[in-house]
Structures are given as C-alpha cells and as structure tokens.
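Student: the following block contains a protein sequence and its predicted model.
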Amino acid sequence: MDDQEIVERISALAAEEQRLEEAHVGEGLSPTELSRKGELEVTLDQLWDVLRQRRAKRAAGQDPDSVQERSPGTVEGYLQ
C-alpha cells in the first residue's frame, strides 16, 4: 500500500467511525457497535503509525516499502 492508499483508507475508516457516533448521539452504542468502534480506532492507529513510519523512512533516504505494520498492542501502548 502506498501513502495515498493509506490516506484514503484512513479517510474511509474515520468517516465510518464518525457515522457510527453521529447515528447514536445521546443514545449510546450497542455492544456490537462499541466493538466495531474499538476495531476502527485500533486500525486507524495502526494506519497512522504505518504512514508516519513510511514518511520517516523516506525522509531518511530509506525505502518506505520496508515498513512493517506494528501489532495493535504495540501501537496502542504508545504514550501520547
């Protein structure tokens, strides 16, 4: 996946997450919807991480295609 494809995937997943949240304003999400929202959040974090890694590799003169997707546990464990 190249940078543009990653950005497009991020946009699509973020839009899905927003639709999910907006559809239930004031009501709360069902267990299934909460699970999906959690999946979306983790996947978005992983995609952002891959994109940042690719940009860093490119800036360092390295091959951005050598980036490996990190596990959810790794990505979710980052301090902000």
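Tutor: Good, I have the coordinates.
Student: for this protein, which helix is longest?
Tutor: In the chain, taking DSSP state H as the definition, the longest helix is helix 31-59.
Student: next structured bit after that one?
Tutor: Using DSSP states H and E, the helix or strand that directly follows helix 31-59 along the chain is helix 72-76.
Student: and the helix or strand of the chain with the lowest mean pLDDT, which residues are buried?
Tutor: Between all helices and strands in the chain, the lowest mean by mean pLDDT, DSSP states H and E belongs to helix 72-76, at a mean of 90. For helix 72-76, the neighbour count (16 or more other CB atoms under 10 Å) marks V75 as buried. C-betas here are computed from N, CA, C, even on glycine.
Student: how much space between the residue nearest the centre of the chain and E69?
Tutor: The chain has L44 as the residue nearest its centroid, 1.1 Å off, counting by CA atoms, centre = their mean. Distance, L44 to E69, using CB to CB, to the nearest Å: 13 Å.
Student: please enumerate the shared neighbours of these two.
Tutor: Common contacts of L44 and E69 (CB atoms under 8 Å, 6 or more residues apart in numbering): none found.
Student: what's the burial count for R70?
Tutor: Other residues within reach of R70, judged by other CB atoms under 10 Å, total 16.
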